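Asks: okay, here's the prediction I keep looking at, along with the sequence it came from:
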Amino acid sequence: MKHKEKKFSWRKLFNDIHLWMGIGSGLILFLVCLSGTLYVFMAEVEKMIEPEKYRIEVKANAQRLPAEKIIAKIRQEVGGSFNGITIPHDPGQPYTINFKQSEEDRRGTNYLVDPYTATLKGTTESPAAGFFMFMFRMHRWLLMDTSIGRVIVGIATIIFVFLLLTGLVLWWPKKLKNIRQGLVVKTSASWKRINHDLHNALGFYAMIMLLIMALTGLCWSFEWYRNGLSDVLGAEVFGGRNGKPMTSDTSSAGAKDLKIDDFIRLTHEVLPYDGDYNIAIPTDEKGVVVVRKNRAASFFALSVPDKVEIDQYSGSMLKVEKFSDKPLNEQIAAAIKPIHTGEIFGTFSKIIYFISCLIATSLPVTGTIIWINKLKKKAKKRKKRNAKVMSGGE
């Protein structure tokens, strides 16, 4: 009996690529996507667990104390050197003041303070901090040494991009009139069909967001990718980290006794909108005051700060960086992190990212179930075929 030769099929090729890449990377992608899903609303969860630290009772006609007075009081209580302060636009939120206890203390400790009474309410450390750090390390390095885990996650992310693209090819119907079948989940069907529809339909709906997350996430995994993306965009990704620092004119030292409120006023003159201020104080005599200003938080608000650099002695405005004034390529390069984390458009985009990440977490599970079901189906067919051969030979 002659066997018919199987013709080459692009669809079959993409199906094999999708299948074996998915099987090979499924567990890693599941862990990376799950940890990313849980990390999206980290700040909101921490505030929900300890609301008393993050909300201030504002009495009638209450006025915020001068920032210097608050800083001096907290310094007496906690010690260390003052490093920076975050002043929210919302009158019901605390100030966040950073103090370093030593030169080796790179990040310092963030203290939450009532701006009306200078009462220390606690730090940004929370009962959930350990859990979220575990999730962060899982997402970035799979809990491994960073040099190893970063590469593994990066390779899995590249595979994920191929899975999304080959998945789109497999999703696309042979006849356009059947496209609706790939857009819905037939809940009245068998559980196998429901699982298949969940993999296909949900994967399609989340594909664009997942591609964005994957392509931006690779910037943390591979330097060659980050440099290549910078070349493509014509603007350096994470460029602010290596930019040439401005310096203050030390000849004007002592000419003015500038306060935090002065730097806020100077910033508001060039960035005249309501927003949150993050003010970093220089640690040496040549450094400059760096002020980042975000628009006041809302459900749908662009979450990329504008930045100014101010001479710490004279108050001269040395540099102004408005995100809206940058060309599109520079905006994309500057916003890689909030684009990846979902913070780019506030709560709105974080909800979209959370749902998309949840779908991404489900894809390795539903895909594996589809594969197992196909193996069982093939085994049954083989069994029936062997049974027919046996019965025909008797």
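Replies: Received the coordinates, thanks. All values reported here derive from a predicted model rather than from experimental measurement.

Asks: can you list contacts of stretch 142-149?
Replies: Contacts to stretch 142-149, defined as Cβ atoms under 8 Å, 6 or more residues apart in numbering, come from residues I28, L31, V32, F134, R137, R140, W141, I152, V153. No exception for glycine: its C-beta is placed from N, CA and C like everyone else's.

Asks: now the second one: which helix or strand?
Replies: Under the criterion DSSP states H and E, the helix or strand holding L31 is helix 10-39.

Asks: pLDDT averaged over that helix - what is it?
Replies: Across helix 10-39, the average pLDDT comes to 94.

Asks: just stretch 248-263 next, same as before
Replies: 81.

Asks: stretch 132-140 too?
Replies: For stretch 132-140, mean pLDDT is 96.

Asks: next one: stretch 199-214
Replies: Mean per-residue pLDDT for stretch 199-214: 96.

Asks: show me which residues of it are buried.
Replies: Going by neighbour count (16 or more other Cβ atoms under 10 Å), the buried part of stretch 199-214 is 199-204, 206-207, 209-210, 212-214.

Asks: starting at the chain centroid, how far to that stretch?
Replies: 16 Å (Cα atoms, centre = their mean, to the nearest Å).

Asks: show me what it is in contact with.
Replies: Stretch 199-214 is contacted from outside by 36, 157, 160-161, 164, 167-168, 171, 182-185, 339-340, 352-353, 355-357, 359-360, 362-363, 366-367, 370, using Cβ under 8 Å, 6+ apart.

Asks: for the helix or strand harbouring F132, name the packing helices and strands.
Replies: Per DSSP H and E, F132 falls inside helix 129-141. Helices and strands touching helix 129-141, by 3 or more Cβ pairs under 8 Å, 6 or more residues apart in numbering; DSSP states H and E, are helix 10-39, helix 42-49, helix 146-171.

Asks: picking up where we left off before, quick check on the contacts of stretch 142-149: which are buried?
Replies: By neighbour count, with 16+ other Cβ under 10 Å, the contacts of stretch 142-149 hold I28, L31, V32, R140, W141, I152, V153 as buried.

Asks: looking at it, the second one is touching M138, isn't it?
Replies: In this case it means L31. Yes - contact status for L31 versus M138: in contact at 5.9 Å, counting by Cβ atoms under 8 Å.

Asks: need the helices for the stretch 251-394 of the chain, in chain order.
Replies: 260-270, 328-334, 336-341, 346-393 (DSSP state H, counting those that start in this stretch).

Asks: and those helices, which is most packed in?
Replies: helix 336-341 (a mean of 19; mean count of other Cβ atoms under 10 Å).

Asks: by contact count, what packs against that one?
Replies: Under the contact definition 3+ Cβ pairs under 8 Å, 6+ apart, helix 336-341 sits against helix 203-221.

Asks: lowest-confidence stretch among the helices of the stretch 251-394 of the chain?
Replies: helix 346-393 has the lowest average pLDDT among the helices of the stretch 251-394 of the chain, namely a mean of 88.

Asks: that helix versus helix 10-39: what angle between them?
Replies: Counting by axes from the mean of the first three to the mean of the last three Cα atoms, to 10 degrees, helix 346-393 lies at 140 degrees to helix 10-39.

Asks: give the other helices and strands that helix 346-393 contacts.
Replies: In terms of contacts (3+ Cβ pairs under 8 Å, 6+ apart), helix 346-393 is packed against helix 10-39, helix 191-197, helix 203-221.

Asks: hey, which of those helices is tucked in deepest?
Replies: Using mean count of other Cβ under 10 Å, the stretch among the helices and strands packed on helix 346-393 with the largest mean neighbour count is helix 203-221, at a mean of 19.

Asks: helix 346-393 and that one, what's the angle between them?
Replies: For helix 203-221 against helix 346-393, the angle by the same axes, to 10 degrees is 110 degrees.

Asks: helix or strand right after helix 203-221?
Replies: As assigned by DSSP H and E, the chain's next helix or strand after helix 203-221 is helix 223-233.

Asks: avg pLDDT for that following helix?
Replies: Regarding helix 223-233, the rounded mean pLDDT is 96.

Asks: how close does the nearest residue to T166 once chain neighbours are set aside get to I370?
Replies: Sequence neighbours aside, H18 is the residue nearest to T166 in space, at 4.2 Å (criterion: Cβ to Cβ, 6 or more residues apart in numbering). Computed as Cβ to Cβ, to the nearest Å, the H18 to I370 distance reads 11 Å.

Asks: thinking again about what came up before, and the contacts of stretch 142-149, which is closest to V289?
Replies: When the contacts of stretch 142-149 are ranked by distance to V289 (Cβ to Cβ), R140 comes first, at 31.6 Å.

Asks: which residue is nearest the centroid of this structure?
Replies: T341 (1.4 Å; Cα atoms, centre = their mean).

Asks: re the thing from before, dump the helices and strands packed on helix 346-393 to TSV, plus distance to L233.
Replies: Output for those, formatted as TSV (distance: least, Cβ to Cβ, whole Å):
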stretch	distance to L233
helix 10-39	24
helix 191-197	38
helix 203-221	11
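
Asks: so which of those gets nearest E77?
Replies: Across the helices and strands packed on helix 346-393, the minimum distance to E77, taken as Cβ to Cβ, is reached by helix 10-39, at 31.7 Å.
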